[in-house]
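Novice: quick one, fold the following:
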Amino acid sequence: QVQLVESGGRLVQAGASLRLSCAGSGRTFSEYAVGWFRQAPGKEREFVAAINWKGSTVKYVDSVKGRFSISRDNVKNEVYLQMNSLQPEDTAVYYCAARWAVGNTAYSDDQEYRSWGQGTQVTVSS
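Specialist: Next comes the predicted model:
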């Protein structure tokens, strides 16, 4: 299993941009598919974006398509979530998750993931 640490969350105004980072430990992190999920107060955790091990396949929830972009740097062992045009409804704790997988699948089901970070808070004020 890999250890994951998210960073980059903070308070911003509507319309602003943020980039979240997910740092993975271990030299095999490049062989892991990674997903971003979020959980708002009183709501269930939801899928946001996912990327396969080599970055050739990405997937997004409809509500963030065109605004968010997921990418990875396998040299730095990091996965990023670039978030543009943030809205108050994007307010949540954002988690990254990983599973070993060297195929072409970007996983949107949280049950597919075995390792989770501690989360980073994103707050968007109106």
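
Novice: okay, now the closest residue in space to Ser108 that isn't next to it in sequence: neighbour count?
Specialist: Of all residues not flanking Ser108 in the chain, Phe47 sits nearest, at 4.5 Å (Cβ to Cβ, 6 or more residues apart in numbering). Any C-beta I mention is one placed from the backbone N, CA and C, and that applies to glycine too. By other Cβ atoms under 10 Å, 18 other residues sit near Phe47.

Novice: name the helix or strand for Phe47, please.
Specialist: Under the criterion of DSSP states H and E, Phe47 resides in strand 46-51.

Novice: helix or strand right after that strand?
Specialist: strand 58-60.

Novice: quick one: the closest residue in space to Gly26 that isn't next to it in sequence and Arg114, what's the gap?
Specialist: Closest residue in space to Gly26, ignoring its immediate chain neighbours: Val2 at 4.8 Å, by Cβ to Cβ, 6+ apart. To Arg114, Val2 is 9 Å away according to Cβ to Cβ, to the nearest Å.

Novice: no further questions, thank you.
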